[in-house]
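Novice: Just to be clear, the model below is a prediction. Sequence and coordinates:
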Amino acid sequence: MIARPTIGSDASLLSASIQSAVHAPKDAVCCQFPGNDSFCRFFTRHGLGKGQLVYRQFKFPVKNRSMDVIAAARALNRKAVQKNWHHFCDPTLAFIDPGYENLLALWRNKSGSRNMPARSDITPRDLKDILRTVLLFERVSQNPSRYRWRLIGTGLTSILGENTGKTLEESLPPEHIERWTECGDMILEGAQPLRFLGRVHIQGREYLDAENLFVPLANDNGEPSFILGQCRYTPRRSETEDIWENQMASLPGGLL
């Protein structure tokens, strides 16, 4: 068993050791990891049996991005701890569930040579297999940022409500606005897919845990404006902190 990646100055040594030990399949879900100027190193988590995990790694060319996403995720996660949000960002995409591969592949294919695809590039037909669990929201203003729901899949309305067309301020409890807004800004400014995991804090749904994939989309002028999400909510097996600590353990070291 190979230890989970630690994000830090020893990244190149760690990735070399992983690369010598395992071979990444062509269809692996890749997880971004800082590399040199022209490449990022990618990892994917694969189960070998109960309690056994390895990280598979390969290199993939990336486009220029101004945000240090790893540092931003670390800062957001530390704020989440301070504010007891029970909600964390994982830019390495170390998903527990493999069901996000298709959306990741779609986003990458539609991006082409651009930082991200446009909203108009992705059609309902592209999303037909996951449409019930998809949401779309748009940043309608900046400084401060405000967001509006553009689509909430039928499988999510029991949690998020029938709020298509409403702003976050009109549809969420006030204490949730800061978290959703900061996460939205990070997704758009980071210009890459992000994994978020946490606990649901909506009245009557507190028994659910969430593991979500969010990808950024541009408007027709090429400006990052839309966020497409695939959401998975599962009943919490226990209210004990041990379960939450196990979820946090799926975050690669250095993100907390």
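Specialist: Everything's here; your move.
Novice: Now name the helix or strand holding residue 102.
Specialist: Assessed by DSSP states H and E, residue 102 sits inside helix 101-111.
Novice: cool, residue 163 as well?
Specialist: Residue 163 belongs to no helix or strand, assigned by DSSP H and E.
Novice: Next up, the contacts around the residue lying closest to it once chain neighbours are set aside.
Specialist: The shortest distance from residue 163 to any non-neighbouring residue, by C-beta to C-beta, 6 or more residues apart in numbering, is to residue 171 (3.9 Å). (C-beta placed from N, C-alpha, C; glycine too.) When contacts are counted by C-beta atoms under 8 Å, 6 or more residues apart in numbering, residue 171 touches 149, 160, 161, 163.
Novice: coming back round to it: by contact count, what packs against the helix holding residue 102?
Specialist: On a contact count with 3 or more C-beta pairs under 8 Å, 6 or more residues apart in numbering; DSSP states H and E, helix 101-111 meets strand 208-218, strand 224-235.
Novice: who touches it?
Specialist: Outside helix 101-111, the residues that touch it by C-beta under 8 Å, 6+ apart are 27, 29-30, 93, 116-117, 121-122, 126-127, 129-130, 193, 213, 215, 228, 230.
Novice: Out of those residues, which end up buried?
Specialist: 29-30, 93, 116-117, 121-122, 126-127, 130, 193, 213, 215, 228, 230 (16 or more other C-beta atoms under 10 Å).
Novice: For the stretch 51-200 of the chain, which segments count as strands?
Specialist: Per DSSP state E, counting those that start in this stretch, the stretch 51-200 of the chain carries strands over the ranges 52-61, 87-90, 134-141, 146-152, 194-199.
Novice: Kind regards, and thank you for your time.
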